[in-house]
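> sequence? don't have it. structure:
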């Protein structure tokens, strides 16, 4: 089965510093990988995806992610974090099958302090 | 920008009662999903729906759960006899098949 793992429950950074949220994957075949963000009491918002092509994917709100096949990783990054980036971040992988279903990691809570 | 709409935003019910959560997916989308999230935890897949039938369901989606697309626009999740452990945030999602799922804001279910 396709799966992703987020090894960190929490990430704390100071505003203006680089932010990295880690994700590793385990898949059969080519991975379809995604990042979603959840702000307090809100739904899941799509940030970016990797399907094929360039290993560096750019997404919404200044976020980017790097696909690394040798390390089976898809880490989310932002060069300069904002307090407003404080949220719960989920890595996800598309499952095998024809219905585009996603399986999510456990989530990482990001806190950016002023 | 098109969005997935869910109602109610919050429902409180007594254990054993039936609950129906409603979703209006984006109009040209073909695949529909329900996920749940127990208070700040992992987002868990419940069921996917395509071409007016369930395409896949998880082990969570037992006989107490059902889904329906009664009128071509709404997509509902019914829980026949709620249990305390059904308390969670339930998210509806849809996609046209372009890989990205668009999620609604969620319906918080509290079972007392």
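It's in. Just so it is clear, the structure is predicted and the values come from calculations on it, not from any experiment.

> Would you mind listing what in chain B touches chain A?
B:4, B:31, B:33, B:40-45, B:48, B:50, B:55-56, B:91, B:93, B:95, B:97, B:99-106 (Cβ under 8 Å from any Cβ of the partner chain). For every residue, glycine as well, the C-beta is placed using N, CA and C.

> Can you flag which of those residues belong to helices?
With helices taken from DSSP state H, there is no overlap with the residues of chain B next to chain A.

> Mind giving me the ChimeraX select for the residues you listed, buried ones only?
Typed into ChimeraX, the line below selects the buried ones among these, using 16 or more other Cβ atoms under 10 Å in any protein chain shown:
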select /B:4,31,33,43,44,45,48,50,55,56,91,93,95,100,101,102,103,104,105,106
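
> So which of the residues of chain B next to chain A are in strands?
B:31, B:33, B:43-45, B:48, B:50, B:55-56, B:91, B:93, B:95, B:102-103 (DSSP state E).

> which residue ends up closest to the midpoint of chain B in space?
Nearest to the geometric centre of chain B sits residue B:34, at 3.4 Å (Cα atoms, centre = their mean).

> That one reaches residue B:67, doesn't it?
Yes: counting by Cβ atoms under 8 Å, residue B:34 touches residue B:67, with 6.6 Å between them.

> For the two, list the residues in contact with both.
B:47, B:77 (Cβ atoms under 8 Å, 6 or more residues apart in numbering or on different chains).

> pLDDT value on the residue nearest to residue A:102 when sequence neighbours are not counted, please?
Nearest residue to residue A:102, sequence neighbours excluded (Cβ to Cβ, 6 or more residues apart in numbering or on different chains): residue A:92, at 4.3 Å. Note on residue A:92: pLDDT of 96.

> mind listing what the helix or strand residue B:77 falls within pairs with, with the direction of each?
Assigned by DSSP states H and E, residue B:77 belongs to strand B:75-79. With DSSP bridges as the test, strand B:75-79 is paired with strand B:19-24 (antiparallel), strand B:65-68 (antiparallel).

> Pull the residues that contact the longest one.
In this case it means strand B:19-24. B:4-8, B:11, B:13, B:32, B:34, B:73-79, B:82, B:86, B:90, B:92, B:104, B:107, B:109.

> roughly how far is stretch B:41-51 from the heart of the chain?
In terms of Cα atoms, centre = their mean, to the nearest Å, the centre of stretch B:41-51 is found 7 Å from the chain centre.

> quick check: mean pLDDT across that stretch?
92.

> Pick the most buried one from the strands paired with strand B:75-79.
Scoring the strands paired with strand B:75-79 by mean neighbour count under mean count of other Cβ atoms under 10 Å in any protein chain shown gives strand B:19-24 as the most buried, with a mean of 19.

> Could you give the separation of the strand holding residue B:77 from the chain centroid?
A distance of 6 Å separates the centroid of the chain from that of strand B:75-79, by Cα atoms, centre = their mean.

> and residue A:56, how far is that from chain B?
18 Å (Cβ to the nearest Cβ, to the nearest Å).

> OK, contacts around that residue?
A:64-67.

> List the beta-bridge partners for it.
On the basis of DSSP bridges, residue A:56 is bridged to residue A:66.

> now for stretch B:40-53, what's the gap between its first and last residues?
Its start and end residues considered, stretch B:40-53 measures 30 Å (Cα to Cα, to the nearest Å).

> Surely residue B:13 touches residue B:112?
Yes: between residue B:13 and residue B:112 there is a contact under Cβ under 8 Å: 7.2 Å.
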